[in-house]
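Engineer: this one's sequence-less:
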């Protein structure tokens, strides 16, 4: 069962391994720049948020942002490229694997890329900055990253499946993904929002991703409502991604 | 069961357009079957249905007795597919492309490694196994796609226009591989090249607008459908004078002229004698029977109009 998914995932990991250095340099540069610019640049103006030093406040979100961005990028572009340009999806479909094998293999590739890249950014921030954590909190934080990467990998798979023009994938990232990430309080506390829209912001999956990750890393526990949001988002997006891919292949 | 492929009253419609209607076909095991037709004839639709990439609107198709509707996975286990466009993975080496295909077929390294060595050798790519397909010529990429389709030793091989875009040497090389497969497996081939069908196929079907127009061996089709009473006559001089004479003869069905060479289609075999009588005294350089080609049959059946 799912041997085909494992083979497809194995192919993607082989390709990642070949280009790991160049991939990681580009992946690490962006969040590290943000960390240095905001964490140190604004340190003199914002010393602490809710009692948490500002560099420590933004670090968990930046690591999670790297993971979810990597998961979305890998899934969306890889699915689009294999479907529209290289047409390798068609090659997979004339072998005994099922469409479920293909979509699950691709989702797990996105998830793995997110997890690997998020972990590397975490290690780099740890090595180059005074950012320190309680390591007993790590398992719950990694759990948050895993669920977040899964959700974004599924969203990427849906985009790569239904979108035919590559520029439209870029538009989805600019118009939906980036605002969802930045509205979720990576750089500022949610209490900054007017109370009228705060309940809506708290329902966003990205809020659960970044707030949940911060709570997990700083306190070792994820608030229940965020955990439910993370699990539900991952489960629903997974079901939708599998359904959409199956429908597309049946066309 | 002696048929490797059976199509039973297949209909495929999309958005009001019917690509194939109530199409039936049986292909004998171990033969090379060629499906010819102009663009839009329905060839690729049939291949997509047989390889489970597309479901028919009505009817069913069977590969080695397995239904494409209810046993798609079993069908895919038994088939190899060479698509119209190369769909090699450019981020994997030639060997890795074959390895991934073997893994997707559930093969183990102990069985696929020697098989891959054998196929790379057979296709002349043994020294390029660790190179990426982007560095290959078009002919080498095509040979690699064929090798990939053969890794799991399929019982039915589908080749969708396998030599389109190749230079003559690469085409001939690929023909040799395909000839080598005869009797080892059933080959289902679509092509635009009449010489290719003539050289490779045990049986040829010409289709258009989703319907079968002719079916048989190359020799049978040429015999039955070509203009068998066409003669070429080349005049040494006075060609203009004879153009009018020939066009006015009741037993001459068509005259095509290219300089001093006339292509004359007669009503029947007996018309050659009165033709010679009318040409008595003419200064003729050459007169010969024009041998029919498969292309003549194809054009006669599908027309000369260019398709979109």
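Structural biologist: Happy to help now that I have it. Quick caveat: nothing in here was measured; it's all calculated off a predicted structure.
Engineer: all contacts plus neighbour counts: C-alpha atoms, from now on.
Structural biologist: Will do.
Engineer: Which stretches in the chain count as strands?
Structural biologist: Just so you know, I chose chain A. Using DSSP state E, the strands of chain A run over A:48-49, A:52-53.
Engineer: To clarify, I was referring to chain B.
Structural biologist: Under DSSP E, chain B gives strands at B:3-14, B:17-28, B:32-36, B:58-63, B:66-67, B:79-82, B:156-160, B:186-191, B:203-208, B:211-216, B:230-235, B:252-258, B:261-266, B:284-289.
Engineer: Make CSV from those and add distance to residue A:148, mean neighbour count and mean pLDDT to it.
Structural biologist: Formatted as CSV, these follow (distance: least, Cα to Cα, whole Å; neighbours: other Cα atoms under 10 Å in any protein chain shown; pLDDT from 0 to 100):
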stretch, distance to residue A:148, mean neighbour count, mean pLDDT
strand B:3-14, 39, 18, 93
strand B:17-28, 44, 16, 92
strand B:32-36, 51, 25, 94
strand B:58-63, 44, 20, 96
strand B:66-67, 41, 19, 96
strand B:79-82, 38, 25, 96
strand B:156-160, 43, 24, 95
strand B:186-191, 47, 24, 94
strand B:203-208, 53, 22, 91
strand B:211-216, 53, 17, 88
strand B:230-235, 75, 20, 86
strand B:252-258, 74, 15, 84
strand B:261-266, 75, 20, 85
strand B:284-289, 77, 13, 86
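Engineer: between those, which one is nearest to chain A?
Structural biologist: Closest to chain A of these, according to Cα to the nearest Cα: strand B:79-82, at 7.1 Å.
Engineer: ok, and does the closest one reach over to chain A?
Structural biologist: Yes. Strand B:79-82 reaches chain A (Cα under 8 Å from any Cα of the partner chain) through B:79-81.
Engineer: Would you tell me which one of those residues comes nearest to residue A:175?
Structural biologist: residue B:81 (40.5 Å; Cα to Cα).
Engineer: Please list all residues in contact with that closest one.
Structural biologist: Residues in contact with residue B:81 (Cα atoms under 8 Å, 6 or more residues apart in numbering or on different chains) are A:94, B:51, B:146, B:149, B:157-160.
Engineer: Swap in 6 Å and give it another go.
Structural biologist: B:149, B:157-158 (Cα atoms under 6 Å, 6 or more residues apart in numbering or on different chains).
Engineer: Just give the number of residues close to the residue of the stretch 201-308 of chain B found nearest chain A.
Structural biologist: Taking Cα to the nearest Cα, chain A has its nearest neighbour within the stretch 201-308 of chain B at residue B:210, 19.7 Å off. Residue B:210 has 22 neighbouring residues, counting by other Cα atoms under 10 Å in any protein chain shown.
Engineer: give the contact list for it.
Structural biologist: B:19-21, B:41-42.
Engineer: So which bits of chain B are right by chain A?
Structural biologist: Residues of chain B lying near chain A by Cα under 6 Å from any Cα of the partner chain: B:73, B:76-77, B:87, B:104.
Engineer: Give me the subset of the residues you listed that lies in helices.
Structural biologist: If you go by DSSP state H, those have B:73, B:76-77, B:104 in helices.
Engineer: Name the residues of stretch B:191-202 that come out as buried.
Structural biologist: Judged by neighbour count using 16 or more other Cα atoms under 10 Å in any protein chain shown, the buried positions of stretch B:191-202 are B:191-192, B:194, B:196-198, B:200-202.
Engineer: Is there a neighbour count for residue 103? I'd like the number.
Structural biologist: No chain in the question, so chain A it is. Residue A:103, neighbours per other Cα under 10 Å, totals 27.
Engineer: sorry, should have said chain B
Structural biologist: Other residues within reach of residue B:103, judged by other Cα under 10 Å, total 20.
Engineer: ok, back up a step: can you tell me, leaving aside adjacent residues, what's nearest to the residue of the stretch 201-308 of chain B closest to chain A?
Structural biologist: By the measure of Cα to Cα, 6 or more residues apart in numbering or on different chains, the closest residue to residue B:210 outside its immediate chain neighbours is residue B:20, 4.0 Å from it.
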